[in-house]
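1. With the sequence up front, the predicted model follows.
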Amino acid sequence: MTPLDQLKPAMRGTIQDLRAGKDLSRRMAGLGLRPGNTIEVIRLAPFNGPMQIRVGHTDLMLRRTEAAHISVCLAA
């Protein structure tokens, strides 16, 4: 398993685990970031800025500090 913030553009995988506090976990679940969902990194903002990710048909911008709480199993 790899933290989401370590993925590069065009990499995809399946969310395995969310290691975050109650409020952040609830917010992530509301955005569709739940174990079992497929996620793809679209692009990374420069200077350690946010990541653009795709969950299903939805694109999201996510802070890298928040992405570090999401464990992903990379797709083969």
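-> Perfect, thanks for sending it.

2. in the protein, what spans have low per-residue confidence?
-> 76 (pLDDT under 70).

3. Walking through the protein, point out its helices one by one.
-> 22-30, 64-67 (DSSP state H).

4. and Arg54, which of these is closest to it?
-> Closest of these to Arg54 is helix 64-67, at 13.2 Å (criterion: Cβ to Cβ). C-beta here means a position set from N, CA and C on the backbone, and glycine is covered the same way.

5. Buried residues, that closest one. List them.
-> 64, 66-67 (16 or more other Cβ atoms under 10 Å).

6. And for stretch 12-31?
-> Buried-residue list, stretch 12-31, by 16+ other Cβ under 10 Å: 13, 15, 18, 20, 28.

7. Then stretch 61-76?
-> 62, 64, 66-67, 69-72.

8. export these to CSV and tack on distance to Gly49?
-> Shown next, in CSV, are those (distance: Cβ to Cβ, whole Å):
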residue, distance to Gly49
Leu62, 11
Arg64, 8
Glu66, 13
Ala67, 12
His69, 17
Ile70, 17
Ser71, 22
Val72, 20
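
9. Would you mind checking which of the residues you listed is nearest to Leu33?
-> Ile70 (6.3 Å).
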